[in-house]
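> A predicted structure for the sequence below; I have some questions about it.
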Amino acid sequence: MSLIPASLRSFSWGVIALIFALVGFGLVVLYSAAGGNLKPWALSQGVHFIVFIVFALMLSRVPERLWKAGAFPAFAAVLALLLAVELLGAVGGGSRRWLDLGIIRLQPSELMKLTIILAVARFYDMLPAGEIRGVNALWPPAVLIGFPFLLVLTQPDLGTATMIAAGGITVVFLAGVPIRLFVSAAAMFAAALPIAWSQMHDYQRNRVLVFLDPESDPLGTGYHITQSKIAIGSGGIFGKGFLNGTQSHLDYLPEGHTDFVFATMAEEWGLVGGVLIIAGFLLLCRWGLRVAAKAPTRFGRLAAAGLTTTIFFYVAINLMMVMGLAPVVGIPLPLISFGGTAMLTVLMCIGILMSIERDGKTSRSGFA
Amino acid sequence: MKFDWILGKRSVSEAQAQFSFTRRSFFLGGAQLGVGVLLAGRMTYLSVFENERYSLLAESNRVNLSLIPPRRGWIVDRAGKPLALNRTVFRVDIIPDRLVDQDKTLDTLTNLLGLSSDDRDRIERDIEKSSGFQPVQVAEHLDWEKFAALSIRAPDLPGVVPAQGFARYYPEGAAVGHLLGYVGAASAEAYKKTRDPLYLTPGYKIGKDGIEKILEPRLRGSPGARRSEVTARGKLVRDLATRPDIPGETLHLTIDAGLQAYAARRLGENSGAVTVIDTLTGGILAMASMPAYDPNSFSDGIGRAEYAALTSDDHLPLVNKALQGLYPPGSTSKPSTSLALLEAGIDPNTSINCTGSYRVGNAIFHCSKRRGHGPISLQRAIIQSCDIYFYHFGKMAGIMPLATMFRKLGLGAEYPLPVPSQRYGTIPDPEWLLRRYKRQWSTFDTVNTSIGQGYVLVSPMQLAVMTARIASGNAVVPHLMGRNNPGASLGINPEHLAFVQKAMGNVVNGGGTGHVAQLPVPGVQMGGKTGTAQVRRITMSERATGVLSNSALPWKFRDHSLFVGFAPVISPRYAVSVIIEHGGFGAAVAAPVARDTMTYLFDPVKAMATLVEQEKTWGGDIATRMAKKEAGYALPVAPLSTATDNDEDTA
């Protein structure tokens, strides 16, 4: 028995330390992005984080079975919210994607990234093991994923829609559906690309085209990618030093505090800072997959792996985007970028992951 | 089941499912690690291997290199008095590319700066013509209040650039227009050819005509540079380093600024040219051509009415008459013809009887004095300007001695002057006539040439050079800069030269046709020769009924009035040529202008007093008259061609 009470010891302190490190580094970058000021970003981001981490720790106390029980109702509720903003947006004539919750403007599409994982995991949890290769293992998740995907796509928010679909499909994959289905689906997707192209908005097409050749439009859409690469490339191995970045301070880098915060960081901290952040997120993902591997229930395993992948998608898409490996879609770098929504989603993922981890530990140690 | 062929249905146990999950999540973890390594690799590539390139790009983002346009070299006269200099001005330009709402912006500017509709017209035209990134001048020479008012509002007017700069200033205005040329913004074509970023700098001017254009490389200087840190929106953060500009070279001209201005003013309302040459050095002291444009208004960007007033004027203010105007020299060529006759061996004492007319073949040629001069020898033929004498002896000597002497004295020649264009006129001879008109030379051509009519065409500059060469006996070469070269001897018998010089002295001072040109300066005499050049053919029927007097004719049919002269008669120093287009009798109009101009060289105060009195009768000085003309420009007059345009070769 240790001096620290068991209730405190049961928190995953390693992960919490990792998150604090990442967010702390993020605050330093936001401080610099504001030209060496706590305002307008660093301070507000810090306050958000404190609120959200407490919330995440509270979520971690929720027993896994409650997540399981709440998965479908939560999915239904978020889907309803999505429909609601869609209709409100249509009525208002604009593209309102969010609900104002006072402290934060919440996008239902953001919550969907999370609830889709829980819902699909819940479905496979219910499905008898013997049916996993049957047609019944396929159409319900297709419906579960398809509805929110299409709703978000029409918002239009290609980035979020893609993440929702990717998160859901990851769970389907992990549940054991035959590999050949994924191969043939990929083939069909490739075949469908021309149709998708014809359905895209002009600005979306433009982004793809400019992504393929950023120099073709150095002052327009390609400007983001070009300036981001300049910021990262000019940083070198050790960076230009804290508060010495010119790309961000002189406003050459657009959105240097949100989607392109990694470029702001890389300019001042160089390759060293970049590798640290990438390593940090990889560690976070490794922890998440370990939680999944150790989870005693099928729901726990699938949900944990799915939530981890959601975090991974955030990081991967954002970093590929700022390094010019993917088209510019509005995906922030979680825990680092300024803005509460993505941070809340990711911290909720981590809270649920910690809750699954706790259940694994307690069930192994024979309590509950 | 019917989907078995796709799904490969087989029963899966809980343990198998667990195993499948473990394998797949392991694969997922591997993929995530792979993406992580890919990203780290990509970042290494960008920040290590491409670091140099991106560092440069970041630096060129950050650092804005702006040119400091070089101050243009001054142009000064022989005494160092500035003819063209630079003044600090506050100016406003528009970069058409950055304009958001052209009409609204121009409305604001019109209100703020009080632009006239004429100004606005010009700005709109310039914007249309400009290549987008090229600045268009809105206003120059703003006073401080207007400039400050505009500077405050500039951030709300995208594309409007207030700036402080230098502007070319010509203290003598129109008097030096043709001499110096003018400066203006570089054209879009010029920029496309050179890609010189200086050409895009607002307010930067390059030479467009005259000396300003020809000696542009020497006047230009080298731009300085200012390195400054700027934000993406172009806001200046701080200056990093500045390299000052190297101003252009100061050009010392042989011109006498006072004389140049005086000559231009003395031409009054006439269309004409006055050229004064230093007979010892060939230095051009004055080269005035009036009317002229004011190079100051050209440099500022000329208004439409002002331009229309210039282009529609039948006095052709855009033509430099001293170099580009070609006229029959008329009697002013008689001293040269005399030299040719003397060199050809004709005895100056031989006289002929002038009856007033002279028959060559079927044609009858007339003398300027209709009743005739009676018996007349060479000395008096020059003094009295007898045509018959020259008809007779010209015919006797033949064309070649005449043409040779004309050319020797500098007629028909092009001079090495820093000017964009000069015309060298025509000295006809049989070979030329055959080439030009495909016909044989005949005697009446020689007769015409002997009194400076027919095909002979010369420029006022050439007349001045001719006079300087007669006065000095040297091959004086006119120049505007440096080079104090008296020129080699022409190899003309000094006695012949002295004879002609004496005759010219008597034209003015010995009861000749040019007595009006006597200098009011004690002890200084001018020698000269009047000339009246016909610009129309006088028909037999008109001669029968009496030749119309010039004042009865429309302006453009009146004779040109000419005078050439040198002073002092003994050891000459200055040579002058004056032409007044359609001025009528040479002695009446051109001679007084030559007299007063020459007087200025010996007694400026006296000369100026004469001028001030005269200007009152013309309605003020040049600037006042030009302003009046521009303001009163309501009835456009169709431009007329001058009678001199019928036959010339162009340099």
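Yes, it's here.
> What pLDDT is listed against B:Pro328?
pLDDT recorded at B:Pro328 is 90.
> ok, how many other residues are close to it?
Counted by other CB atoms under 10 Å in any protein chain shown, the residues lying close to B:Pro328 total 28. In short, each C-beta sits where N, CA and C put it, glycine included.
> need the helices for chain A, in chain order.
A:6-9, A:13-33, A:42-60, A:64-92, A:108-126, A:139-153, A:158-175, A:179-199, A:202-212, A:222-235, A:246-249, A:261-294, A:298-322, A:340-364 (DSSP state H).
> B:Glu80 falls within a helix, correct?
That one is not Glu; residue B:80 is Gly. No. B:Gly80 is assigned coil when assessed by DSSP: H, G, I helix; E, B strand; the rest coil, not a helix.
> what sits against it?
By CB atoms under 8 Å, 6 or more residues apart in numbering or on different chains, the residues touching B:Gly80 are B:His252.
> Next, B:Ile579: phi, psi?
phi -130, psi 130 (degrees, to the nearest 10).
> Can you say which helix or strand has the residue of the stretch 551-651 of chain B at minimum distance from chain A in it?
Nearest to chain A, among the residues of the stretch 551-651 of chain B, is B:Glu630, at 44.8 Å (CB to the nearest CB). Per DSSP states H and E, B:Glu630 falls inside helix B:622-631.
> closest to B:Asp209 out of the helices of chain A?
The closest of the helices of chain A to B:Asp209 is helix A:222-235. By CB to CB, the value is 44.1 Å.
> circling back: so which of the helices of chain A gets nearest B:Leu38?
helix A:298-322 (8.5 Å).
> Tell me which other helices or strands the closest one touches.
Using 3 or more CB pairs under 8 Å, 6 or more residues apart in numbering or on different chains; DSSP states H and E, the elements in contact with helix A:298-322 are helix A:64-92, helix A:108-126, helix A:158-175, helix A:222-235, helix A:261-294, helix A:340-364, helix B:14-44.
> List the buried residues for whatever helix or strand comes next after the last one?
By that I understand helix B:14-44. Using DSSP H and E, the helix or strand that follows helix B:14-44 in sequence is helix B:51-62. Buried positions in helix B:51-62, judged by neighbour count with 16 or more other CB atoms under 10 Å in any protein chain shown: B:Asn51, B:Tyr54, B:Ser55, B:Leu57, B:Ala58, B:Asn61, B:Arg62.
> And the residue of the stretch 551-651 of chain B closest to chain A, what's its pLDDT?
70.
> Okay, and the closest residue to it other than its chain neighbours sits in which element?
Of all residues not flanking B:Glu630 in the chain, B:Ala309 sits nearest, at 4.7 Å (CB to CB, 6 or more residues apart in numbering or on different chains). For B:Ala309, the host element (DSSP H and E) is helix B:304-311.
> dump the residue contacts of the closest residue to B:Leu57 other than its chain neighbours.
Distance criterion CB to CB, 6+ apart; nearest residue to B:Leu57, sequence neighbours excluded, is A:Ile230 at 4.7 Å. Each residue near A:Ile230 by CB under 8 Å, 6+ apart is listed here: A:Gln247, A:Tyr252, B:Tyr54, B:Leu57, B:Ala58, B:Asn61.
> List the residues that contact B:Tyr474.
Small correction: residue B:474 is Asn, not Tyr. By CB under 8 Å, 6+ apart, the neighbours of B:Asn474 are B:Pro486, B:Gly487, B:Ala488, B:Ser489, B:Leu490.
> Any stretches of chain A with poor pLDDT?
Residue ranges of chain A with pLDDT under 70: A:1-10, A:89-105, A:211, A:214-221, A:362-368.
> Spell out for me which residue occupies the centre of it.
A:Tyr314 (3.6 Å; CA atoms, centre = their mean).
> now the residue nearest to A:Gly233 when sequence neighbours are not counted: how far from A:Ser228?
In space, and not counting its chain neighbours, A:Gly233 is closest to B:Tyr54: 2.7 Å by CB to CB, 6+ apart. Distance of B:Tyr54 to A:Ser228, given as CB to CB, to the nearest Å: 10 Å.
> sorry, back to before: the residue nearest to B:Glu630 against B:Ala627, yeah?
No. Here B:Ala309 lies out of contact with B:Ala627, judged by CB atoms under 8 Å, at a distance of 10.0 Å.
> Close to chain A: what parts of the stretch 151-300 of chain B are there?
Near chain A, the residues belonging to the stretch 151-300 of chain B are B:Glu229, B:Val230, B:Thr231, B:Ala232, B:Arg233, B:Val237 when assessed by CB under 8 Å from any CB of the partner chain.
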